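Q: need coordinates for the following:
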Amino acid sequence: MSDNLLQNINNPKDLRRLDINQLPQVAQELRDFIIDVVSKNEGHLGASLGVVELTIALHYIFNTPEDLLIWDVGHQAYGHKILTGRRENFHTNRKLGGISGFPKRSESIYDAFGVGHSSTSISAALGMAIASNINGDFNKQHIAVIGDASIASGMAFEGLNHAGVTDANLLVILNDNAIGIDPSVGALKDYLTAVKEGKNHKDNNMIKSLNFDYSGPIDGHDIFAVVKELKRLQNIKGPKFLHIITTKGKGLLLAEEDQVKYHAPGKFDAITGEILLKIEENLPTKFQDVFGLTLVELAQQNEKIIGITPAMPSGSSMKFMMEAFPKRAFDVGIAEQHAVTLSAGMATQEMVVFCNIYSTFMQRAYDQIIHDVALQNLPVIFCLDRAGLVGEDGATHHGVFDIAYLNCIPNMIIYAPINEIELRNIMFTAQLGLNHPIAIRYPRGRGVIQNWQLPFEQVEIGKGIQLKKGFKIAVLSTGTIGNNVIEALAKIKNSDLFSHYHFPFVKPLDEVLLKEIFMKYKKIITVEEGTIIGGFGSIVNQFSNSNKFNILIKNLGIPDNFIEQGSILELQKICKIDQDSLIELFDSIL
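A: Below you'll find the model as predicted:
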């Protein structure tokens, strides 16, 4: 066997010293390295395996980091990280204190733009390219690598629309594998399929019509073809578009065959690809499945219920309704703005719309929430999955801002269940008919109750609940972080001093209960898995000030900085909202 080439590649300059005929060996070694590390450490697998040849070719032809390379979303950038000086510490990927699972400007000069959410690459690269022109640098290359799911998003089209009327030195590479996290959907996907299959007439090219120099489609796994085409495009000025066809999970048979499961498969056998099953017997159900199964249950009883998700049918478990009621459940692709306003349109026609969007992605549809839903007081039911800290995906994916950004919107109801039963009951209550839109926030991962499929009960809007009685200090929590409070209070010595109140409704806040609390206790502690600034604690503080109470209030939650990657427990510990930190606080506060 020939010497290992990858172990001697510490940066792209080392790669460029190789003969082109050695690149297939580098591709095999890079693929093997990614499989080996991710099989043990977990992470995003399929996307990075699919762009191995493209990644090598880009760094081989272009003069990175002087030429600027941007990976849309960044799930697929593991190979890029390994070739740009992070091979030796790639085993720390997505771990606390390790390298980020996504490109990040502060981590490497080769990461030209920080990413994690989709469809930003074209706009960012165009901005860089126009800046280069203004600075008189007409030779610098600016490359955006974007997938077929991400390019269907509105922002990507906005970038293409602008780029087509510039002379910017921009290369957009469409990595077309017909899948994002779930299979791609929509008319653009059908168009790209027709192009790949040769069924689309050459004159009918929507990219050319936007004034791009279009080439392709070419086989993205033929490294010689990719290198040759990139070398040609290097010398063409203005906006260019290269369409390459790849297979997500390339090089690991099971990952090619089940691309959804192997997007982020957890731990697996590096040789066979077989996923190593976690022992999950007798564990509570995931919140996403409680949502998905409850939605089907409700939809069977209420024919007006509609389900909508922007490209997350598996992650949100909307897939259950899509299977049971395919005409009443919609995956609209990576299009959060469209998802919200589509929901609003349906709500005007008396439909009961459950719009499921991860908390971090709901940020992308903020104007639509205000302008299209809340301003018109349309009773859309927003289900915000992945609320709170999400763990290893890090700062781009934590759902910690939603209470703060939703609370200031008139007409909005905000509900944070403490467990699966509360989630079911608020979904039941919402579909009976509300006078306002509602956002229901719940976390990634499992609940706390085994037997959660109980008969539905209607929830009284705006009511808080006392979970534990004490006589000196009141702990106020909202959402599932309240379970940490319950566990902590059960383990401290002077537990009888503490009362615990659960506020599932952040808005409208139970002001009657709050007034009772402020009149009864000497100290108040608020706990939330959201930002302290603008969050639940801030709302309690505001109530105190407005009512001229003079009581010591301590707010616990996410501090005023971006929390990086790590396990949820590690990150809760950093924010001092894990059980141990709460026990320490409760024991010391007396």
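Q: can you show me the helices along the stretch 451-590 of the chain?
A: Along the stretch 451-590 of the chain, the stretches classed as helices by DSSP state H, counting those that start in this stretch are 482-491, 511-520, 536-546, 568-574, 579-588.
Q: quick one: contacts for the closest residue to residue 309 other than its chain neighbours?
A: Excluding its sequence neighbours, the residue lying closest to residue 309 (C-beta to C-beta, 6 or more residues apart in numbering) is residue 318, at 4.2 Å. Every C-beta, even on glycine, is put in place using the N, C-alpha and C of the backbone. Contacts for residue 318 were tallied using C-beta atoms under 8 Å, 6 or more residues apart in numbering; they are 292, 295, 307-309, 312, 329, 331, 356.
Q: likewise residue 126?
A: Remark: with contacts taken as C-beta under 8 Å, 6+ apart, residue 126 is in contact with 142, 159, 162-163, 166, 168, 170.
Q: and the next helix or strand past the helix or strand residue 383 falls within?
A: Per DSSP states H and E: residue 383 is located in strand 381-384. Once the chain leaves strand 381-384, the next helix or strand it forms, by DSSP H and E, is helix 402-407.
Q: pull out the buried residues from stretch 557-571.
A: 557-558, 563-566, 568, 570-571 (16 or more other C-beta atoms under 10 Å).
Q: where exactly do the strands run in the stretch 101-250 of the chain?
A: Ranges of strands in the stretch 101-250 of the chain, per DSSP state E, counting those that start in this stretch, are 142-147, 170-176, 213-219, 240-245.
Q: quick one: strands adjacent to the strand of greatest length in the chain?
A: The strand of greatest length in the chain, counted in residues with DSSP state E as the criterion, is given as strand 523-531. Each strand that pairs with strand 523-531, with its direction, by DSSP bridges: strand 473-477 (parallel), strand 552-558 (parallel).
Q: what's the spacing between the residue nearest to residue 309 and residue 405?
A: Applying C-beta to C-beta, to the nearest Å, the value for residue 318 to residue 405 is 23 Å.
Q: ok so, going back, switch the strands of the stretch 101-250 of the chain over to JSON lines; also include distance to residue 576, mean neighbour count and mean pLDDT.
A: As requested, the strands of the stretch 101-250 of the chain are exported to JSON lines (distance: least, C-beta to C-beta, whole Å; neighbours: other C-beta atoms under 10 Å; pLDDT from 0 to 100):
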{"stretch": "strand 142-147", "distance to residue 576": "38", "mean neighbour count": "28", "mean pLDDT": "97"}
{"stretch": "strand 170-176", "distance to residue 576": "41", "mean neighbour count": "26", "mean pLDDT": "97"}
{"stretch": "strand 213-219", "distance to residue 576": "52", "mean neighbour count": "17", "mean pLDDT": "94"}
{"stretch": "strand 240-245", "distance to residue 576": "47", "mean neighbour count": "23", "mean pLDDT": "96"}
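Q: possible to save these as CSV with distance to residue 228?
A: Output for the strands of the stretch 101-250 of the chain, formatted as CSV (distance: least, C-beta to C-beta, whole Å):
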stretch, distance to residue 228
strand 142-147, 16
strand 170-176, 14
strand 213-219, 9
strand 240-245, 11
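Q: which stretches of the chain have low pLDDT?
A: Counting by pLDDT under 70, the chain contains low-confidence residues at 1-2, 280-281, 590.
Q: report the central residue of it.
A: Among the residues of the chain, the smallest C-alpha distance to the mean C-alpha position (C-alpha atoms, centre = their mean) belongs to residue 397, namely 4.6 Å.
Q: so what's residue 505 bridging to?
A: In beta-bridge terms (that is, DSSP bridges), residue 505 pairs with residue 415.
Q: which ones are touching it?
A: Going by C-beta under 8 Å, 6+ apart, the list of residues near residue 505 reads 413-415, 461-464.
Q: residue 553: which of the residues you listed is nearest?
A: The shortest approach to residue 553 among these belongs to residue 464, at 16.0 Å (C-beta to C-beta).
Q: which residues touch the closest one?
A: Contact partners of residue 464, counting by C-beta under 8 Å, 6+ apart, are 501-505, 509-510, 513-514.
Q: got the buried residues for stretch 176-195?
A: Taking 16+ other C-beta under 10 Å as the basis for neighbour counts, the residues of stretch 176-195 that come out buried are 176-186, 188-189, 191-192, 195.
Q: so what touches that stretch?
A: 50, 118, 147-152, 174, 196, 200, 205-206, 217, 243-248, 259-260, 263, 311-315, 331-334.
Q: distance between the ends of it?
A: 11 Å (C-alpha to C-alpha, to the nearest Å).
Q: show me what contacts the nearest residue to residue 82 once chain neighbours are set aside?
A: Among residues not flanking residue 82 along the chain, residue 90 sits closest, at 5.6 Å (C-beta to C-beta, 6+ apart). Under the criterion of C-beta under 8 Å, 6+ apart, the contact partners of residue 90 comprise 33, 37, 78, 81-82, 99.
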